[in-house]
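Got a sequence here, can you build the structure:
(2 chains)
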Amino acid sequence: MTDRLELPGTTWRRVSPKYIVVDVVGSIISGIMATAVTSLPAYFSHVAWLWILPAVVAVISIITIAFVPRRVKSIGYQLREDDFIFRRGLMFQRFVAVPYGRMQLVDINRGPLARALGLSELKFVTAAASSGVVLPGLVHEDAEELRDRLVELAESRRAGL
Amino acid sequence: MSEPTAVPHFDPGTAPATRLADGEWHRLHPATPLLRGGIAFLAIIGFVIANLRETLVNLLVGGPGRANGYDGDPFAVLIQHQLLPLAIGVLALGLILFTLGFYVAWRMRTFRITDQVVEVRSGVLFRTNRKGRLDRIQGINIVRPLLARLVGAARLEIDVAGQDGNVQLDYLSSSMADDLRRDILLLASGTRAREAVVPGAGANTAAQATSRVGDFVSARASDLLAPELEPGLAHPDSVVRMHVGRLLGSTILHDRTVIFLAVLIGAGVAFATTRQPYALFGLVPFFLGLGGVIVRRFTKSLRYSIAATPDGVRIGYGLLSTSNETLPPGRIHSVEVFQPILWRFAGWWEVRVNRATRQGRQGANGQQNTTILPVGNQDDVMAVLALLLPDLTDERSLALLRHGINRDRGDEYVTSPPRAAVIRWFSWRRNGFASAPGAVLFRKGAIWRTLVIAPEARVQSVAIYQGPLLRVLRLATLTLHTVAGPITARLGAVDRDAALQFFGTVAAGVVASSRSDRSHRWRQGEAPA
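The predicted model follows:
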């Protein structure tokens, strides 16, 4: 897999491995729900071949869950000199670079399970809706520290829209 | 033509022209309530008169109407039951209350312009107060609906960044609106020339007041007949106008019109063969919607003009209801030059932009304020691009823009490799990117030709993406995130290594450009005149 996108000269900071638990649990729940919903037609119609649908969904869910650890490991970020750079995804890779001066606000979100494990999710908002930089699975103290640091950096490099 | 209103001359001077931008609270044009509720008011009066007319004629002439008695006419009923005085009393009371209400509302609606903000407060029971920061102004629009034009009033819309973020001053007197716009832009530009009102300007307003009544009618008439863009307002070289023939041709040859006609013919054939009219009802909204879009585009573009003024690009639209907007420098987040397929034979293009202001309610004629040039040939496009992107006027950038519109063998664009033909069947030779000083250019599409130009100083973030298919082909997708609008700056099927390298270059370029960008205070540092 040498063709994968890789930025030379970047040392990625990874998110907490505990986030794997959160992601796995989330994937299991959504996988079960998707399987249940897709099995409704087969259940009510008693047409045997309709069971293929939930079976496929279940298999895809299991594969997705199996890859969660690697996917979580693929999430990375780095605070460069003037911008924040973020990556995620294995099959569908995405790299985003956001200059500090463009950050309009930084959100911290904590779901119930993530909170139990002491994790937080950081969300960056720019004037463009499509930037979509969400950094999950940060240890709470790190998240707050990172937020303060980013706000400080954004303040010092404030630019117009 | 004796024009009593002060004609603004081409004068990049920095002296304020009105007293309105002095930081004090001011009221709007006295006819405001009438104009804001104008159509409804006229409709009610029209209804009353239409009902009253026959009865009045009968009353005066003594025709047979009275003897007929009850015939559904409310006035006849009132007369018959001797209730006319009461009805008139109620009507008069209602009118007085209405007028009083309007008067109080008008009294309460005030605005002020300081060197930081423009602020409007209004409301009697429910107070509203809206403030817009001057350095976040994205454009100032002067809208003159037909009714307002007849009485010489105009609505000033100050677009501030954000969803539905505009501060409206409706209505102001027409010439005042022009002057006020200049003053606001002057304050926003960063020159702090806050001199007292120039004596000349004061004398001007006094002269205006004395000669007003006599010349009012002729002034209104000349205003209606005047060219859309007053001569002397802008540098003549920078002006691009619309040719009626070209507008007509482009409307007919547009994809929209073709779809419209195709569906129309399809519906006709379906009706002729099946004789079932019911199925056609479903298409009525489609015809109304698309037909409306086509007609609106045509009528609003009839008197289109674009020109450079000292404080930004001025775009004027409209035949009966006019609107013209000034975009200060550095408010354009991305530009797209687009060619619907049928325009290729004529060599026409359309220019659109992304702006940081999104209006829920559109301007006059429901116009989209993102179309900058409805239709033009390549020369027009180059002239408009020079206005929108004044930094891209050196020899190399101009060549890049030209080649972005029409591909040339061996131009500077980094195009997709031949293996990209798997996913870009026709366009892989054209599909490519280039970087000009301070801007990124994406050229794409062989059938629907497109060129997207994103000024680096306005790009919010940069992304590179690769899915499984792209990975097999060793390709990647580049995206520049800008504020939301009709344009998406995305270029697919780029060679992986070239894309990665470009990603790094653009990310650094965005940082450097936004640091050196001073366009939000575009005249800062200039010596005040």
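
count of residues packed around residue 30?
Looking at chain A here, since you left the chain open. Applying other Cβ atoms under 10 Å in any protein chain shown, we find 13 residues neighbouring A:S30. For the C-beta atoms, the positions are set from N, CA and C on the backbone; glycine is no exception.

Switch to chain B, please.
By other Cβ under 10 Å, the residues close to B:P30 number 12.

Find the residue closest to it in space, skipping its chain neighbours.
B:W106 (6.9 Å; Cβ to Cβ, 6 or more residues apart in numbering or on different chains).

What pLDDT is listed against that neighbour?
You'll see B:W106 listed with a pLDDT of 83.

quick one: which helix or strand includes it?
Using DSSP states H and E, the element containing B:W106 is helix B:84-108.

Now do the SS call for the residue most central in space within chain B.
Centroid-nearest residue in chain B: B:N369, 3.4 Å away (criterion: Cα atoms, centre = their mean). Put simply, B:N369 is coil when judged by DSSP: H, G, I helix; E, B strand; the rest coil.

related to what we said a few turns ago, pull the contacting residues for the residue nearest to B:P30.
For B:W106, the contact set (Cβ atoms under 8 Å, 6 or more residues apart in numbering or on different chains) comprises B:27-28, B:30, B:32-33.

Check what contacts stretch B:332-339 and list those residues.
A:161, B:348-356, B:372, B:381, B:385, B:388-389, B:404-405, B:448-455, B:458, B:480, B:482-483, B:485-487, B:489.

Please check the residues you listed and keep the buried ones.
Neighbour counting over the contacts of stretch B:332-339 (16 or more other Cβ atoms under 10 Å in any protein chain shown) leaves A:161, B:348-356, B:372, B:381, B:385, B:388-389, B:404-405, B:449-455, B:458, B:480, B:482-483, B:485, B:487, B:489 as the buried ones.

So which of those residues belong to strands?
Judged by DSSP state E, the subset of the buried ones among the contacts of stretch B:332-339 located in strands is B:349-354, B:372, B:449-455, B:480, B:489.

Could you pull out the strands in the stretch 401-529 of chain B for me?
Ranges of strands in the stretch 401-529 of chain B, per DSSP state E, counting those that start in this stretch, are B:414-415, B:432-436, B:439-444, B:449-455, B:461-466, B:475-481, B:489-495.

Mind putting those strands into TSV with distance to A:S27?
What follows is those, written out as TSV (distance: least, Cβ to Cβ, whole Å):
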stretch	distance to A:S27
strand B:414-415	39
strand B:432-436	37
strand B:439-444	36
strand B:449-455	36
strand B:461-466	22
strand B:475-481	26
strand B:489-495	29
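
and these as CSV, adding mean pLDDT and distance to B:G162?
Below are those laid out as CSV (pLDDT from 0 to 100; distance: least, Cβ to Cβ, whole Å):
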stretch, mean pLDDT, distance to B:G162
strand B:414-415, 92, 36
strand B:432-436, 92, 29
strand B:439-444, 93, 24
strand B:449-455, 94, 20
strand B:461-466, 93, 18
strand B:475-481, 94, 17
strand B:489-495, 92, 21
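
With distance to chain A as new columns, can those strands be given to me in TSV?
Below are the strands of the stretch 401-529 of chain B laid out as TSV (distance: least, Cβ to the nearest Cβ, whole Å):
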stretch	distance to chain A
strand B:414-415	17
strand B:432-436	15
strand B:439-444	13
strand B:449-455	11
strand B:461-466	4
strand B:475-481	4
strand B:489-495	9
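
Which residues of the stretch 1-150 of chain B lie near chain A?
Within the stretch 1-150 of chain B, the residues that sit near chain A (Cβ under 8 Å from any Cβ of the partner chain) are B:135-136.

Low-confidence stretches in the stretch 1-150 of chain B?
Applying pLDDT under 70 to the stretch 1-150 of chain B flags residues B:1-19, B:37-42, B:54-56, B:58-76, B:78.

swap the cut-off to 50 and go again
Within the stretch 1-150 of chain B, the stretches with pLDDT under 50 are B:1-14, B:65-70.

Strands along that one, start to end?
Ranges of strands within the stretch 1-150 of chain B are B:26-27, B:110-113, B:117-122, B:128-133, B:137-144, based on DSSP E, counting those that start in this stretch.

Other residues contacting the longest one?
Put plainly, it is strand B:137-144. Under Cβ under 8 Å, 6+ apart, the answer for strand B:137-144 is B:153-161, B:166, B:174, B:177-178, B:181, B:184-185, B:188, B:312, B:318, B:321-328, B:331, B:355-357, B:363-364, B:369.

Each with direction, which strands does it pair with?
If you go by DSSP bridges, strand B:137-144 pairs up with strand B:153-160 (antiparallel), strand B:322-327 (antiparallel).

CA atoms of it as PDB?
C-alpha atoms of strand B:137-144 as PDB (Å, rounded to 0.1, in the frame of the first residue of the first chain):
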ATOM      1  CA  ILE B 137     -19.500  44.600   5.200                       C
ATOM      2  CA  GLN B 138     -19.700  42.300   2.200                       C
ATOM      3  CA  GLY B 139     -21.500  44.700  -0.100                       C
ATOM      4  CA  ILE B 140     -23.900  47.600  -0.200                       C
ATOM      5  CA  ASN B 141     -26.900  47.200  -2.300                       C
ATOM      6  CA  ILE B 142     -29.200  50.100  -3.400                       C
ATOM      7  CA  VAL B 143     -32.600  48.700  -4.400                       C
ATOM      8  CA  ARG B 144     -35.200  50.800  -6.100                       C
END
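
and the closest residue to A:S130 other than its chain neighbours, how many residues sit next to it?
Once flanking residues are discounted, A:S130 sits nearest to B:H481: 4.8 Å by Cβ to Cβ, 6+ apart. When neighbours are counted by other Cβ under 10 Å, B:H481 registers 26.

contacting residues for B:H481?
A:126, A:128, A:130-131, B:459-463, B:489.

Please determine how far it is located from A:P99.
Separation of B:H481 from A:P99 (Cβ to Cβ, to the nearest Å) stands at 11 Å.

what do you get for A:A114?
To A:P99, A:A114 is 28 Å away according to Cβ to Cβ.

The two: who's more crowded?
Per other Cβ under 10 Å, whichever of A:A114 and A:P99 has more neighbours is A:P99, with 27 against 24.

The more buried one against A:D82, yeah?
Yes: if you go by Cβ atoms under 8 Å, A:P99 and A:D82 touch, sitting 6.0 Å apart.
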